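Colleague: Fold the following and give me the result.
(chains A, B and C)
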Amino acid sequence: MTAGAVADQRRAELPRRIKTTLHPTDRIFHAVSRVIGAMVLVLTGAIGLFLALQMLPVLHHYGFKFFTMQDWNPEQNVVGVAAAIVGTIEVALIALALAFPLALMTALFITEYTPPQLRSTLVALVDLMAAVPSIVYGLWGFYLLQPQGTHVARWLAEYFSFIPIFKVDTDAHAALWQQTRFTASAFITGLTVAMMVTPLACAVMRGVFAQAPPGEREAALALGGTRWGVIRSVVLPFGRGAIIGGTMLGLGRALGETIAVLMVLSQIYKINLRPLQVGGLTVSSLIANRFGEATALQLKALLAAGFVLFVMTLAVNTIAGVIVTRSRSGSATEI
Amino acid sequence: MTEDGTALLYDTTEYPQLVFDRGAHLDAVNISAWFGTTKVLERVNLSMPPGVVTALIGPSGCGKSTFLRILNRMHELVPSAKLAGEVRLNGSDIYDPSKRITETRRRIGMVFQKPNPFPTLSIGDNVVEGLKLNGTKVTRSDRADLIERSLSRAGLWLEVKDRLDTPGASLSGGQQQRLCIARSLAVSPDVLLMDEPCSALDPASTRRIEQTILELKDEVTIVIVTHNMQQAARVSQQCAFFLAETGTPGGIVEAGSTSEIFQTPRDPRTADYVNGRFG
Amino acid sequence: MSISSPLRHSASGRSAASLPGEVADAPRVLVKRSLDDRLTLAGAVVGSLALVWLLYERVLPFSGAVGFTFCWYFAFVGFFTGLTAMAHPRPIVIDRLAQAVIAGAAAAVGFALLATVFFTFARGWRPLTELSFYTKDMTGVAPTDPVSKGGVLHAIVGSGIELGIAVVVALPLGIGTAVYMSEVGGRFARVVRTVVEAMTALPDLLAGLFVYTTLLVGLGLQRSGLAAAIALSITMLPIIARSAELALRVVPGGLREAGVALGSTRWRTVWRIVLPTAAPGLATALILAFARAAGETAPVLIVSGASSFLNLNPVSNPMNSLPLFIYDGFRSGQPRYIERGFGAACLLLMIVLLVFIVLRLLARGRVGKSR
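Modeller: Reported below is the predicted structural model:
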């Protein structure tokens, strides 16, 4: 064999180096889209950075008491977000306590108990419910839910006051009970926010339940299982990720809700661990109420409070995303 | 158990004993089936006695699987599905309104083409899940015993006895299918229906499962749908040949003992099929 | 061992059932719920109703319609479970119990939705019947003036202008980013995607606060429709970008390969093949973002004032919008203002409903076309 042939043979066994050059149009395409991406990155990222940067002067001025003080009294230079953060979590937890079971059971109802012809209609109804603006739910909460809700709150205060969170500082047993002590409470606010959170969580859960593998469903039925047996053995284990993920997504929404809180909750600048009692505060309602008369420094403080809120919602949403994508149903879900 | 062999009241056996009483006699009487307005099965009559493995053979699309699913009331899960005729388990019609569907499905079990163990459960939990679905209580000691006996009957015990806590989905295809067989056996059925159980498996697993079928036949009545004629010849004692000409509903052309069907078939179409001239 | 009768085919190929003397077989009716089950259900309903009625005001310490409904429901579940347990084994009882509870929860949710819609229309239908509601703004309308005077024209127009500007800004940027993330990709694209996903978690109030602080306070601009539009577009942008990227990802890779294999550039493939294929999904993303932005109150609350006059200039002077009008009316406490607010809320609901109907028609059209 000649040297050339040997070299050829060797070349045939090694991979070739190939250069791919982009067509000029594509080079422009790539550049332009990269610029757009960068613009959006800067725009959206700037907000996060901006909020974060407010923390520095605020902490410098008010110190770490910013996180532990409850009062918001700018004139006396006392400013703290403790009440707001506690209140935000309080309202969100109440909303979740109602929304989680309702969303789960509604999702199960749609996928397991509804005849196929009605299913798409019900799905559309749930999505419609999610699209109703918060202000409409706020109106509903204030004018319709509140009168009824105070009765429920009073019943809870009357019979369950041995549990401290159900206490109210008024005599619930009195024949002429003070309804005003039960209005505009974290409880009523939580109920209103639950209306917004339920369809959101329900949509995520339902989407995954509908994809539970039919082979496993048939196996459960063929073993003599009832409909509930199929749900318990197949649907719920399969949808575990979506149940948690959907709930956390709802939690994120509940934490950031502004308008319903503004309309229903009565603002007090103290931590109120009695959700049935009037008064409370959330970060978003604090900001919305106080931004108007805020000096430059107080505005920074409000922004810092907003940053804390953003960190909370970001953390919750991120965890939700991770849980859903890691779960068995992950590849098929989008939240 | 009443005289005719059916349980009129639900038998809340607290301690399932995996007692197989020779299986039960299953009869299909004048079964016709529709999907919407399309008729897919025409007047099928078949008797499936205990102690005998009945194979349903025939080319694809002639209604074998549909017929099988009618036998344990899975056919009606499809919204447009309809049927006529009776399926008698030890003489009484399972489609009678007084019969509870869940009890029927427990007594007539099914193994599917694609193995479907419950992935979130361990091997041991998979075996007893059927009992949970039925509401039968199992005590701790009985549970271990039941798992061992079901897995032994399915021919899987020796391979998994040291890893009962590992997930059911971590087994190979053939092992998963045997796990599904064990799971079906754990609820003490009278009849076991198998819908092409080996078509997704390799030859070694197939051989193992055929062995299991032959070991089980005296305890459970077995009806198996198979595309594989040699498998039918190996495993069954009675065969029914299904056929559907284009545009007409499917039905049984000829049924009889396996040796008759394969060696001395009466219908020319049967002869053509078993000799590989079509299908 | 019995031998089945062979399949008979008459000479013309008709099925056996049509031979003379045979009764054609007809499908069986499979009864899912027996008479016993129906009676159990009816009995539980009536029995629980009777029991609660008797005991309600007298013995049980609750009052009001809400309490009555709850008590009735719980009593019903109790009765139903008890009655079922008398005739059926445990798994069936649990199954029925689960069904009753799940159906009850779904009914509660459905009822809440219906209550919201009906309530809004019940309180707001009267302004909707006045023509002036749609054609006039609130200039010179005193608080005690009847609803026939004044309207929400300025709010409708304001909403339209603000949303229009927001869409013009957010849509190209959003889809462009989506194209970048999906078609070009790379390490930087992954960073962009992470940040965009993070920003979908931003509460809308903070977007408004950001615009307030930077543009209004920082740059000294006035409250205006433009500021509100910017706040809205900041809210919409991450959502559009993410939904659009999902819509693009669903387009099968085979289509892109086919385009390139025909000698097309990447850009042409995207423009002529990928984007049109993803168009329905992109439309859905846009419409949903639009519907959501239409109801956004928090950001506009901060950066645009609730004016009472019609303002077509987005750059100067406050511009009202539907959600802001509603909130303002609510805050005022004046019954007439509140009533007009409810009327505006009805309008908002109708917009949302319209959006959904359009989406469903689009979706159905898509299914029809793909066959």
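
Colleague: all helices of the stretch 151-279 of chain B, in order?
Modeller: Along the stretch 151-279 of chain B, counting by DSSP state H, counting those that start in this stretch, helices occupy B:157-160, B:173-186, B:203-216, B:229-235, B:258-263, B:268-274.

Colleague: show me what contacts the residue positioned nearest the centre of chain B?
Modeller: Geometric centre of chain B, nearest residue: residue B:193, 0.7 Å, by CA atoms, centre = their mean. Residue B:193 makes contacts with B:68, B:71-72, B:108-111, B:222-224, as judged by CB atoms under 8 Å, 6 or more residues apart in numbering or on different chains. In short, each C-beta sits where N, CA and C put it, glycine included.

Colleague: In contact with the residue nearest to residue C:339 when sequence neighbours are not counted, which residues?
Modeller: Leaving aside its sequence neighbours, residue C:339 sits nearest to residue C:147 (CB to CB, 6 or more residues apart in numbering or on different chains; 5.7 Å). By CB under 8 Å, 6+ apart, the residues touching residue C:147 are C:126-127, C:130, C:133, C:336, C:339-340, C:343.

Colleague: Try it again at 10 Å.
Modeller: Residues in contact with residue C:147 (CB atoms under 10 Å, 6 or more residues apart in numbering or on different chains) are C:124, C:126-130, C:132-133, C:141, C:335-337, C:339-340, C:343.

Colleague: Lowest-confidence one in these?
Modeller: Confidence by pLDDT is poorest for residue C:141 among those, given 79.

Colleague: what's the burial count for that residue?
Modeller: For residue C:141, the count of nearby residues is 19 (other CB atoms under 10 Å in any protein chain shown).

Colleague: returning to what we had before: need the helices of the stretch 151-279 of chain B in JSON lines with mean pLDDT, can you?
Modeller: Output for the helices of the stretch 151-279 of chain B, formatted as JSON lines (pLDDT from 0 to 100):
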{"stretch": "helix B:157-160", "mean pLDDT": "92"}
{"stretch": "helix B:173-186", "mean pLDDT": "92"}
{"stretch": "helix B:203-216", "mean pLDDT": "92"}
{"stretch": "helix B:229-235", "mean pLDDT": "93"}
{"stretch": "helix B:258-263", "mean pLDDT": "93"}
{"stretch": "helix B:268-274", "mean pLDDT": "91"}
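
Colleague: related to what we said a few turns ago, and the gap between the residue nearest to residue C:339 and residue C:341?
Modeller: Shown here: residue C:147 relative to residue C:341, a distance of 11 Å by CB to CB, to the nearest Å.

Colleague: Common neighbours of the two, please.
Modeller: Counting by CB under 10 Å, 6+ apart, the residues touching both residue C:147 and residue C:341 are C:124, C:127.

Colleague: A strand includes residue C:311, no?
Modeller: No: per DSSP: H, G, I helix; E, B strand; the rest coil, residue C:311 lies outside any strand segment and is coil.

Colleague: Surely it is in contact with residue C:222?
Modeller: No: taking contacts as CB atoms under 10 Å, residue C:311 lies outside contact range of residue C:222: 11.6 Å.

Colleague: Drop anything exposed from the contacts of residue C:147.
Modeller: Among the contacts of residue C:147, those classed as buried by neighbour count (16 or more other CB atoms under 10 Å in any protein chain shown) are C:124, C:126-128, C:130, C:132-133, C:141, C:336-337, C:339-340, C:343.

Colleague: Looking at the contacts of residue C:147, spot the one nearest chain A.
Modeller: residue C:124 (9.1 Å; CB to the nearest CB).

Colleague: thinking again about what came up before, closest to residue A:84 out of the helices of the stretch 151-279 of chain B?
Modeller: Closest approach to residue A:84 among the helices of the stretch 151-279 of chain B is made by helix B:173-186 (54.3 Å; CB to CB).

Colleague: Which strands or helices does that closest one pack on?
Modeller: If you count contacts as 3 or more CB pairs under 10 Å, 6 or more residues apart in numbering or on different chains; DSSP states H and E, helix B:173-186 packs onto helix A:214-222, strand B:108-111, helix B:123-134, helix B:140-153, helix B:157-160, strand B:191-195, helix B:203-216.

Colleague: packing partners for the fifth one?
Modeller: Taking 3+ CB pairs under 10 Å, 6+ apart as contact, the helices and strands that helix B:157-160 lies on are helix B:123-134, helix B:140-153, helix B:173-186.

Colleague: Quick one, which of the contacts of residue B:193 are buried?
Modeller: The neighbour count (16+ other CB under 10 Å) marks B:68, B:71-72, B:108-111, B:222-224 as buried among the contacts of residue B:193.

Colleague: Is it correct that the residue nearest to residue C:339 falls within a strand?
Modeller: No: judged by three-state DSSP, residue C:147 forms no part of a strand; its state is coil.

Colleague: Can you tell me how far the residue of chain C found nearest chain A is from chain B?
Modeller: Among all residues of chain C, residue C:295 sits closest to chain A, at 2.4 Å; criterion: CB to the nearest CB. Using CB to the nearest CB, to the nearest Å, one gets 38 Å for the distance from residue C:295 to chain B.

Colleague: same check, this time on residue C:282
Modeller: Taken as CB to the nearest CB, the span from residue C:282 to chain B is 34 Å.

Colleague: That residue: neighbouring residues, count only.
Modeller: Using other CB under 10 Å, residue C:282 has 22 neighbouring residues.

Colleague: Tell me which helix or strand it sits in.
Modeller: Using DSSP states H and E, residue C:282 sits within helix C:275-294.

Colleague: Quickly check: the helix or strand that that helix is followed by near chain A or not.
Modeller: Going down the chain from helix C:275-294, the next helix or strand is helix C:298-303, by DSSP H and E. Yes: residues of helix C:298-303 contacting chain A under CB under 10 Å from any CB of the partner chain: C:298-299, C:301-303.

Colleague: which of those has the most neighbours?
Modeller: residue C:299 (32 neighbours).
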